[in-house]
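Asks: Provide a 3D model corresponding to the input given below.
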Amino acid sequence: MFDTLSSKLDSAFKKIRGRSKLSESDVQETMKAVRMALLEADVNFKVAKDFCDRVAEQASGEEVLKSLTPDQTIIKLVQDELTETMGSGASSLNYQVAPPLIIMLVGLQGAGKTTTIGKLGKYLREDQKRKPLLVPADVYRKAAVEQLKTVGGQIGLDVFDAQGSEDPVSIVKQAETAARNGGFDTVLVDTAGRLQIDQDLMTELQEMSDAIEPHEILLVADAMTGQEAVNVAKGFDEALDIDGLILTKLDGDARGGAALSMKAVTGKPIKFIGMGEKLEALEVFHPDRMASRILGMGDVLSLIEKASQEVDVEDAIAMQKKMAKNDFSFEDFLSQLKMMKRMGSISSLMGMIPGMGKMMKKVDPELAEKELKRTEAIILSMTKQERQKPKIINGSRRKRIAKGAGVRVQDVNQLLKQFAQMRQMMKKMSKMGLGGMMGGGGLGGALGGGGGMPDLSKLMRGLK
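Replies: Down below sits the predicted model:
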């Protein structure tokens, strides 16, 4: 995410970093480089120009040019302007309505509406304690209804049964009635898409909107299409007066121009971002946190939020006591691996840790994920007794474990050796309290940052 932009901005600041004084020409040259970085990231031309003009105006003031750290001041100005350009603060859904809260998701084919419906439903149930009903109103794509039923089944959410109805307006009206009678406080409507905007699509969506008067109309847009996503947003907004956007596939967007341009061009906020294919991979969009990620400063708040959702305080205290006694087992390690998988991909988690941006460039995410799966397979091939007491794993047991996991005996030997080293390190780290546990043996160690698992980079052969 934003790899190219982050790298280009870092290069733009290199020339002024560490200098005690700056001239106006230094500022102009820096902002020229920033503007080029934004344009290469597919940011709208006018947005990029206005962005740089505003920063240059503030950066040319005497208090900045004569300050002790003008480079840091300019970077802070860029960070603030990035935040403002993307929408200042997080924009939440309007929950202060008489139930059911009706949300219509609209967008072109391929943007990820159906999967996003599931992700949003999961978020609303788990984070907002709501009871959503998913509504399949795409009657044109044969697999759409079955896909939504599958998604709903995976996360345990109810999906409205249209009972063979072919009229999307009739479906949404029936669904609204069913939600009121069934005690659902939220209705999420999956609508049809097209390969491009056309009048038939807009007319149908307008008729559906008129029939159920949704409280929120959210456009699902593919961030990887860059400026085309912004043009699509303008078209839908003109026809439907959308309330906000959900940008999908942002984890694979190396440029990020859509995220930076969307609010400035459409005036509508980005409310959520899709950060992967998993049904957990939906995040509330925080412009300030995204600005920090773009500038390589990480996103510690989001990382803490993800961790707090997965880590029980009592479990964490019990884990710390195990570490202090050098009693950390493969069972414990397996639970930590599973926790990390629930929190997101290796690359997305590393992007949230300050200073890890450059290390991310050395990581092949696919190979890293594959190596973690192999580690998990080895542990799952052990008996419960072996996981709890690794010392009993002799030569014959190692052969059996390797065969069960489909790996070489050398791979099992390497994991056992690293695990023994990790246990010693975690015993030392436990003295630092819960923070030490998270930074060392727990999450931080698994990410390769805190020293919790020595040479995890070898374990994760995604490192080039």
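
Asks: surely residue 218 is in contact with residue 246?
Replies: Yes - between residue 218 and residue 246 there is a contact under Cβ atoms under 8 Å: 5.5 Å. Just so you know, the C-beta spots here come from the backbone N, C-alpha and C atoms, and that holds for glycine as well.

Asks: hey, what's in contact with both of those two?
Replies: Jointly contacting residue 218 and residue 246 under the rule Cβ atoms under 8 Å, 6 or more residues apart in numbering are 105, 271, 272.

Asks: just give the closest residue to residue 197, not the sequence neighbours.
Replies: Spatial nearest neighbour of residue 197, excluding adjacent residues (Cβ to Cβ, 6 or more residues apart in numbering): residue 235 at 4.5 Å.

Asks: pull the number of nearby residues for that neighbour.
Replies: Counted with other Cβ atoms under 10 Å, the neighbours of residue 235 add up to 16.

Asks: so how far is residue 260 from it?
Replies: 19 Å (Cβ to Cβ, to the nearest Å).

Asks: and if you look at residue 70?
Replies: Where residue 260 is concerned, residue 70 sits at a distance of 25 Å (Cβ to Cβ).

Asks: and the two? Which one has more around it.
Replies: residue 260 (28 against 21).

Asks: which element, helix or strand, includes the more buried one?
Replies: Assigned by DSSP states H and E, residue 260 belongs to helix 257-266.

Asks: gap between that helix and the chain center?
Replies: Centre-to-centre, helix 257-266 and its host chain are 18 Å apart (Cα atoms, centre = their mean, to the nearest Å).

Asks: which secondary structure elements does that helix contact?
Replies: Applying 3 or more Cβ pairs under 8 Å, 6 or more residues apart in numbering; DSSP states H and E, one finds that helix 257-266 contacts helix 45-59, helix 70-86, helix 227-240, strand 244-248, strand 270-274.

Asks: same list (the ones you listed) but as a markdown table, adding distance to residue 129.
Replies: Output for the helices and strands packed on helix 257-266, formatted as a markdown table (distance: least, Cβ to Cβ, whole Å):
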| stretch | distance to residue 129 |
| --- | --- |
| helix 45-59 | 37 |
| helix 70-86 | 28 |
| helix 227-240 | 29 |
| strand 244-248 | 21 |
| strand 270-274 | 18 |
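
Asks: tell me what the helix or strand containing residue 424 is packed against?
Replies: Assigning secondary structure by DSSP H and E places residue 424 in helix 409-429. For helix 409-429, the packing partners by 3+ Cβ pairs under 8 Å, 6+ apart come out as helix 313-324, helix 330-343, helix 365-380, helix 395-405, helix 434-439, helix 443-446, helix 456-459.

Asks: ok, then the element right after the third one?
Replies: Past helix 365-380, further along toward the C-terminus, the next helix or strand under DSSP H and E is helix 384-388.

Asks: list the buried residues for that next one?
Replies: Going by neighbour count (16 or more other Cβ atoms under 10 Å), the buried part of helix 384-388 is 386, 387.

Asks: which outside residues touch that helix?
Replies: 329, 330, 331, 334, 379, 392, 393, 397, 401.

Asks: again, but for stretch 132-151
Replies: Residues contacting stretch 132-151 (Cβ under 8 Å, 6+ apart): 100, 109, 113-115, 117-118, 120-121, 124-125, 152, 157-160, 162, 165-168, 171-172, 175, 178-179, 182, 184-193, 208, 279.

Asks: narrow those to those in strands?
Replies: Among the contacts of stretch 132-151, the ones falling in strands (DSSP state E) are 158, 159, 186, 187, 188, 189, 190.

Asks: quick one: which of these is most hemmed in?
Replies: Neighbour-wise, these (other Cβ under 10 Å) top out at residue 188, 30 neighbours.

Asks: what bridges to that residue?
Replies: Beta-bridge pairing of residue 188 under DSSP bridges involves residue 103, residue 134.

Asks: what sits against it?
Replies: By Cβ under 8 Å, 6+ apart, the contact set of residue 188 is 103, 105, 117, 120, 121, 124, 132, 133, 134, 135.

Asks: turn these into a markdown table, columns for distance to residue 412, pLDDT and neighbour count.
Replies: Shown next, in a markdown table, are the contacts of residue 188 (distance: Cβ to Cβ, whole Å; pLDDT from 0 to 100; neighbours: other Cβ atoms under 10 Å):
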| residue | distance to residue 412 | pLDDT | neighbour count |
| --- | --- | --- | --- |
| 103 | 49 | 96 | 23 |
| 105 | 47 | 95 | 25 |
| 117 | 42 | 93 | 28 |
| 120 | 42 | 95 | 25 |
| 121 | 41 | 95 | 28 |
| 124 | 43 | 94 | 21 |
| 132 | 45 | 95 | 26 |
| 133 | 48 | 95 | 24 |
| 134 | 44 | 95 | 25 |
| 135 | 49 | 93 | 31 |
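
Asks: quick check, nearest of these to residue 22?
Replies: Each of the contacts of residue 188 was checked against residue 22 using Cβ to Cβ; the closest is residue 120, at 45.7 Å.

Asks: for the nearest residue to residue 95 once chain neighbours are set aside, give its distance to residue 162.
Replies: Excluding the flanking residues, the one nearest residue 95 by Cβ to Cβ, 6+ apart is residue 101, at 6.5 Å. Distance from residue 101 to residue 162, counting by Cβ to Cβ: 21 Å.

Asks: low-confidence ranges in the stretch 351-464 of the chain?
Replies: 351-366, 426-464 (pLDDT under 70).

Asks: list the contacts for the residue nearest to residue 44 when sequence neighbours are not counted?
Replies: Closest residue in space to residue 44, ignoring its immediate chain neighbours: residue 261 at 4.0 Å, by Cβ to Cβ, 6+ apart. By Cβ under 8 Å, 6+ apart, residue 261 lies in contact with 43, 44, 47, 227, 230.

Asks: same deal with residue 205?
Replies: Taking Cβ under 8 Å, 6+ apart, we find residue 205 in contact with 104, 106, 191, 239, 240.

Asks: count the residues that sit near the third one.
Replies: Using other Cβ under 10 Å, residue 191 has 26 neighbouring residues.
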